[in-house]
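Enquirer: coords please:
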Amino acid sequence: MSSHKLYFAVRVPDKVKKQVSKIPKHYQKAVYLALKDLESKPFQGKKLEDKLKNKYSVRIGVYRILYEIYKKELIILVISVGHRKDIYRRK
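Expert: Okay, the predicted model is just below:
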């Protein structure tokens with residue numbers, strides 16, 4: 001039995017990169033480390049409900065990364081990065 005680990009491609013649109021650039025530097029580094037971690041552990045985030053159904057959230061201190069997982073394509077699409085008080089209202 002093969003034990004090959006699947007790696008997902010993490011896609012970060014330009015608008016999300018801009019969001020990350022506006023948060024404090026030490027959180028930026030943590031966000032990029034978390035995104036790297038998602039490549040091999042895409043389901044580590046919290047599965048969201050209601051209008052955010054089929055999306056996940058990863059916590060980085062007071063910031064959140066919202067993303068969708070496309071299993072067949074092995075892609076993680078980052079939707080938004082922002083402060084927890086604002087992030088769930090955007091989408």
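Enquirer: which positions within the worst-scoring helix or strand of the chain on mean pLDDT qualify as buried?
Expert: Sorting the helices and strands of the chain by mean pLDDT, DSSP states H and E puts helix 84-90 at the bottom, at a mean of 81. Neighbour counts using 16 or more other CB atoms under 10 Å place I87, Y88 of helix 84-90 among the buried residues. For the C-beta atoms, the positions are set from N, CA and C on the backbone; glycine is no exception.
Enquirer: residues in contact with it?
Expert: L48, L52, S57, R59, V62, Y63, R64, L66, S80, V81, G82 (CB atoms under 8 Å, 6 or more residues apart in numbering).
Enquirer: how far away from the center of its chain is that helix?
Expert: 14 Å (CA atoms, centre = their mean, to the nearest Å).
Enquirer: which residue ranges of the chain form strands?
Expert: Here the chain has its strands, by DSSP state E, at 9-11, 46-47, 55-60, 63-70, 75-83.
Enquirer: between those strands, which gets nearest to Q19?
Expert: strand 75-83 (4.8 Å; CB to CB).
Enquirer: tilt between that closest one and strand 63-70?
Expert: Between the axis of strand 75-83 and that of strand 63-70 there is an angle of 160 degrees, by axes from the mean of the first three to the mean of the last three CA atoms, to 10 degrees.
Enquirer: show me what strand 75-83 is packed up against.
Expert: Packed against strand 75-83 by the contact rule (3 or more CB pairs under 8 Å, 6 or more residues apart in numbering; DSSP states H and E) you find strand 9-11, helix 14-21, helix 25-38, strand 63-70, helix 84-90.
Enquirer: buried residues in that strand?
Expert: Buried, per 16+ other CB under 10 Å, within strand 75-83: I76, L77, V78, I79, S80, V81, G82.
Enquirer: count the residues that sit near Q19.
Expert: Neighbourhood size, Q19 [other CB atoms under 10 Å]: 21.
Enquirer: so who does the nearest residue in space to it that is not next to it in sequence touch?
Expert: Leaving aside its sequence neighbours, Q19 sits nearest to V81 (CB to CB, 6 or more residues apart in numbering; 4.8 Å). Taking CB under 8 Å, 6+ apart, we find V81 in contact with V16, Q19, V20, I23, V31, Y63, R64, I65, L66, I87.
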